[in-house]
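Peer 1: Need a 3D model of the following:
(one chain, ligands or ions: 1)
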Amino acid sequence: MTADWTILSGMAHPELAAAIAHGLGARTVGRFPDGEVSVRIDEPVRDREVFRVQPTAPPVDEHLVELLAVADACRRASAARITAVLPYFGHARSDARHGRREPIVASMIARLIQAVGVARVVVVDLHTPQIEGFFQIALDTLTAVPTLCEALRARLPAGAVVVAPVAGRVEMATGYAGRLGAPLAVLHKRSTSGTETAVTHLVGDVSGRTCLIVDDIISTGGTIVESATALREAGAGPQITVAATHGLFVGAARGRLLRAGISRVFVTDTVPVAGGEWPELEVVPIAPLLAGAIRRLVADGSLSDLF
Ligand code: R5P
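Peer 2: Numbers count the residues shown, from 1 in each chain. Alright, predicted model coming up:
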């Protein structure tokens with residue numbers, strides 16, 4: 001068991017780190033006038049275990065460099081072990097080469113995180129499982145599915161169908177369906193041009209039923225809107241609810257979801273979510289899950305009861 005440990009919050013989501021632990025380790029993260037990151041750890045970390053909480057949410061690259069800089073500072077200050085807690089792992093969608101001359105950015109980031117001395121990584125609902133293989137160090141993937149199901153249970157009408165919006169989300173949707181005792185439907189989409197996609201297949205019966213579309217990330221909202229349109233064309237509704245782990249809501253995403261007539265949107269706060277003026281949005285705290293994981297890791301305990 002590690003005797004001394006510290007949670008260092010990052011600039012990406014200090015409220016989440018504060019919710020995980022009341023006594024946060026002190027650090028100063030700022031910017032030099034030219035934009036370069038400036039970091040100082042304001043308390044000793046020698047022989048301490050450091051948990052660095054930093055979702056690499058937008059602006060992804062800034063938050064990533066801060067994460068790396070703080071880990072580097074901790075390593076050089078003789079921290080006993082550095083654990084990067086990444087509630088949201090940015091650049092996760094660059095996880096394979098889909099064409100010629102493309103990088104695999106998620107793999108590059110994994111190498112950078114290891115290069116600065118991080119010994120262990122904790123993430124929530126990785127976009128794809130192969131990202132785990134990019135790391136040669138311990139990686140624990142937590143899931144927000146039980147947390148979101150708790151919030152959803154009393155809110156979904158009987159007969160609701162859980163919908164995977166893409167084939168890659170079938171495993172996650174199966175988890176929701178099992179916990180909620182609901183049937184499953186699957187949509188398949190494919191690219192129609194370099195930038196456009198379209199839903200081409202629906203497997204499952206959604207006619208006249210409330211649908212719960214589940215996903216790991218809502219970014220532009222495009223996937224959800226396309227899915228809702230396809231479900232309505234297949235006779236689903238009138239209610240369509242959405243649950244996702246990471247609510248990025250980039251650009252016009254919120255307006256898009258509102259116009260698509262989504263009844264309710266459930267997300268966690270793995271990334272900061274501005275919920276004002278959006279009564280259909282419910283933000284479910286992820287801090288209890290992360291605090292539970294950190295407690296078990298400090299005690300060298302198993303995380304398996306959290307899944
Ligand atoms: C796709 O595979 C993912 O599950 C998400 O659906 C996707 O990344 C969400 O992005 P957007 O909201 O921009 O469609």
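Peer 1: all strands of this structure, in order?
Peer 2: 5-9, 27-31, 37-41, 49-53, 81-86, 120-124, 138-142, 161-164, 184-191, 197-203, 211-218, 240-247, 264-268, 281-284 (DSSP state E).
Peer 1: could you dump the last one to PDB, C-alpha only?
Peer 2: C-alpha atoms of strand 281-284 as PDB (Å, rounded to 0.1, in the frame of the first residue of the first chain):
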ATOM      1  CA  LEU A 281     -29.500  18.000 -20.500                       C
ATOM      2  CA  GLU A 282     -28.700  16.000 -17.400                       C
ATOM      3  CA  VAL A 283     -25.000  15.800 -16.300                       C
ATOM      4  CA  VAL A 284     -24.300  12.800 -14.100                       C
END
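Peer 1: That one: partners in the sheet, and parallel or antiparallel?
Peer 2: Note on strand 281-284: by DSSP bridges, its sheet partners are strand 264-268 (parallel).
Peer 1: hang on, the earlier thing: please name whichever of the strands of the chain is nearest to the ligand.
Peer 2: strand 211-218 (4.3 Å; CB to the nearest ligand atom). Heads up, the C-betas are built off the backbone N, CA and C, glycines and all.
Peer 1: distance between the ends of stretch 93-104?
Peer 2: With CA to CA, to the nearest Å as the measure, stretch 93-104 spans 9 Å from end to end.
Peer 1: In that stretch, which residues are buried?
Peer 2: 94-95, 104 (16 or more other CB atoms under 10 Å).
Peer 1: Which one of the residues you listed is nearest to P272?
Peer 2: Nearest to P272, judged by CB to CB, of those is S94 at 22.5 Å.
Peer 1: hang on, isn't the closest one packed against H127?
Peer 2: No - if you go by CB atoms under 8 Å, S94 and H127 don't touch, sitting 9.6 Å apart.
Peer 1: Show me the shaky parts of the stretch 1-150 of the chain.
Peer 2: 1-3, 21-27 (pLDDT under 70).
Peer 1: The ligand contacts on that one?
Peer 2: R93 (CB under 6 Å from any ligand atom).
Peer 1: Just the C-alphas of stretch 236-255, formatted as PDB.
Peer 2: What follows is stretch 236-255, C-alpha atoms only, in PDB (Å, rounded to 0.1, in the frame of the first residue of the first chain):
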ATOM      1  CA  ALA A 236     -39.600   4.900 -33.600                       C
ATOM      2  CA  GLY A 237     -40.700   7.500 -31.100                       C
ATOM      3  CA  PRO A 238     -42.100   9.800 -30.100                       C
ATOM      4  CA  GLN A 239     -39.400  10.000 -27.400                       C
ATOM      5  CA  ILE A 240     -35.700   9.600 -28.300                       C
ATOM      6  CA  THR A 241     -33.300   9.800 -25.300                       C
ATOM      7  CA  VAL A 242     -29.500   9.900 -25.600                       C
ATOM      8  CA  ALA A 243     -26.800   8.800 -23.100                       C
ATOM      9  CA  ALA A 244     -23.100   9.300 -23.700                       C
ATOM     10  CA  THR A 245     -20.100   9.200 -21.500                       C
ATOM     11  CA  HIS A 246     -18.300  12.300 -22.900                       C
ATOM     12  CA  GLY A 247     -20.400  15.300 -23.800                       C
ATOM     13  CA  LEU A 248     -18.000  17.500 -25.800                       C
ATOM     14  CA  PHE A 249     -20.900  19.300 -27.700                       C
ATOM     15  CA  VAL A 250     -18.600  20.900 -30.200                       C
ATOM     16  CA  GLY A 251     -19.700  24.000 -32.200                       C
ATOM     17  CA  ALA A 252     -23.400  23.800 -33.100                       C
ATOM     18  CA  ALA A 253     -24.000  20.300 -31.500                       C
ATOM     19  CA  ARG A 254     -26.400  21.500 -28.900                       C
ATOM     20  CA  GLY A 255     -28.700  23.300 -31.400                       C
END
